[in-house]
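S.K.: A structural model of the following input is requested.
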Amino acid sequence: MSWRSTTLVRGGLRCAEYREDPGFPVVRWELPVPHVVVLVRLGDPPVDDLPPAAVLSPRAPVVLAHHGSTHHVQARLPPTTAYRLFGPLGDLAGHPVPLDAILPPGLPDRLAEAPDRLATLAAALTEAAHRGPEPDPEVRHAWTMLRAGTPVAEVIAETGWSRNRLVRRFAAQTGFTPKAAASLMRFHRATRLLGAAPLTEIAATGGYYDQAHLNRAFRRYAGSTPTEWLRARVPGLPGAGVSSKTGGPGEP
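M.R.: Residues are numbered from 1 along each chain as shown. Here you go, the predicted model:
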């Protein structure tokens, strides 16, 4: 079994290349994240329902599957950066979109042939972003404050906008309402500690009232409890929610 990755961070982009060769079929349930993800899979065709090259802003687990090996590159972008690439993000909320429906075709072929795939991906996305619309400074600032854990009411007061105006502009430019973004950010912070700390500690440090509150958030975003999610992982492979079975976390 082998798994390896390389990462490139450039500006607001975090690009990574993954190769996974466990030698057996894998079905992976990836947790939702408060990012927009550009995913390009190379090599053998995927055996799941996602396009080989797609843009995602997941609100529920994303199923990725392969027969025994996979090779892909991806970029994670904050929605305020993705807005410059793709424009209004409402259509991306929970619905994968083929990459060539948003960007000029040809990027997957360029990545397959490039000697440095991460630099090629970062350059292509950066160039496209320079041609796109600028998000409102207030929306960028609100996103930064929410990432820091600032309560939504304080974020609204800080922008100087009315609640309705911020919600409308924020949703158009990020695909989230401020409340929904704050909720998913809190969940994402908690999942990064999953398996490394007791669940009671994760709940306390993550801003949840108690472990039951954390469990409800997991049910909402992952369809399982944290314990069920951890149980579904395959030893030796990274990432949350990895299984070689046909049933996902929380399923019999």
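
S.K.: any idea how far residue 66 is from the residue nearest to the spatial centre of the chain?
M.R.: The centroid of the chain falls nearest to residue 33 when counting by Cα atoms, centre = their mean (3.6 Å). In this view, residue 33 and residue 66 are 20 Å apart by Cβ to Cβ, to the nearest Å. In short, each C-beta sits where N, CA and C put it, glycine included.

S.K.: Residue 42 too?
M.R.: Note on residue 42: its distance to residue 66, by Cβ to Cβ, is 12 Å.

S.K.: Which of the two has more residues huddled nearby?
M.R.: Using other Cβ atoms under 10 Å, the more surrounded residue of residue 42 and residue 66 is residue 66, with 23 against 16.

S.K.: any low-confidence regions in this protein?
M.R.: In the predicted model of the chain, residues 1-4, 91, 235-252 satisfy pLDDT under 70.

S.K.: show me where it has helices.
M.R.: Taking DSSP state H as the test, the helices found in the chain are 79-86, 107-113, 117-130, 137-147, 152-159, 163-174, 178-191, 199-205, 211-222, 226-231.

S.K.: Just the angle for the fifth one relative to helix 178-191, thanks.
M.R.: Put simply, helix 152-159 runs at 120 degrees to helix 178-191, going by axes from the mean of the first three to the mean of the last three Cα atoms, to 10 degrees.

S.K.: Equivalent analysis for the third one, please.
M.R.: Relative orientation of helix 117-130 and helix 178-191, computed by the same axes, to 10 degrees: 170 degrees.

S.K.: And helix 117-130, what's buried?
M.R.: For helix 117-130, the neighbour count (16 or more other Cβ atoms under 10 Å) marks 117-118, 120-122, 124-126, 128-129 as buried.

S.K.: Which one of the residues you listed is nearest to residue 107?
M.R.: Distance to residue 107 across the buried residues of helix 117-130 (Cβ to Cβ) is lowest for residue 124, with 5.6 Å.

S.K.: tell me the contacts of that closest one?
M.R.: Contacts for residue 124 (Cβ atoms under 8 Å, 6 or more residues apart in numbering) come out as 103, 107, 110.
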